[in-house]
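Undergrad: Okay, sequence plus prediction incoming.
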Amino acid sequence: MITRRAMVFVQEALDRQAAVGLIGPRQVGKTTLARTVGEATGALYLDLEAPEDRAKLVEPSLFLRNYEDRLVILDEIHRVPELFMTLRGLIDEGRRETHRHDAEEREEAGG
């Protein structure tokens with residue numbers, strides 16, 4: 001595989017953000033890039049063109065909460081547009097939990 005400059009950008013974005021989207025024209029390597037990042041991080045990969053992967057997300061909040069500690073790659077997410085609302089809620093919930101945890105740690109440290 002050709003080393004992609006985009007890989008560095010994606011990894012840096014994942015360090016900063018709760019969600020990162022790969023967009024671009026067809027057949028430019030988005031899935032290959034996502035799979036490469038996923039393999040390097042032990043991510044859960046779901047191809048939402050595959051009925052069996054879409055079926056896992058019948059109850060998306062319940063399913064995705066089981067993977068809060070892992071990167072989840074949702075390839076072809078545009079096939080399930082209603083998923084965006086659920087993701088937004090889960091991401092916001094995770095941010096609130098992170099802020100609460102950080103505040104507790106500062107309080108325990110005395111400051």
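TA: In hand now; what should we look at?
Undergrad: can we go C-alpha only for contacts and neighbour counts from here?
TA: Fine.
Undergrad: Find the residue at the geometric middle of the protein.
TA: In the chain, the residue lying closest to the centroid (Cα atoms, centre = their mean) is Val72, at 4.3 Å.
Undergrad: Check the gap between that residue and Glu108 for me.
TA: As for Val72, its distance to Glu108 is 32 Å (criterion: Cα to Cα, to the nearest Å).
Undergrad: in the chain, which spans are helices?
TA: In the chain, helices defined by DSSP state H lie at 5-16, 30-41, 51-56, 60-65, 83-108, listed in chain order.
Undergrad: most packed of those helices?
TA: helix 30-41 (a mean of 15; mean count of other Cα atoms under 10 Å).
Undergrad: Give me the contact list for that helix.
TA: Here helix 30-41 makes contact (Cα atoms under 8 Å, 6 or more residues apart in numbering) with 4, 6-7, 11, 22-24, 43-45, 71, 73, 75.
Undergrad: any idea how far Glu108 is from Leu64?
TA: To Glu108, Leu64 is 30 Å away according to Cα to Cα.
Undergrad: can you check Gly42 too?
TA: Gly42 sits 32 Å away from Glu108, going by Cα to Cα.
Undergrad: Cool, thanks, talk later.
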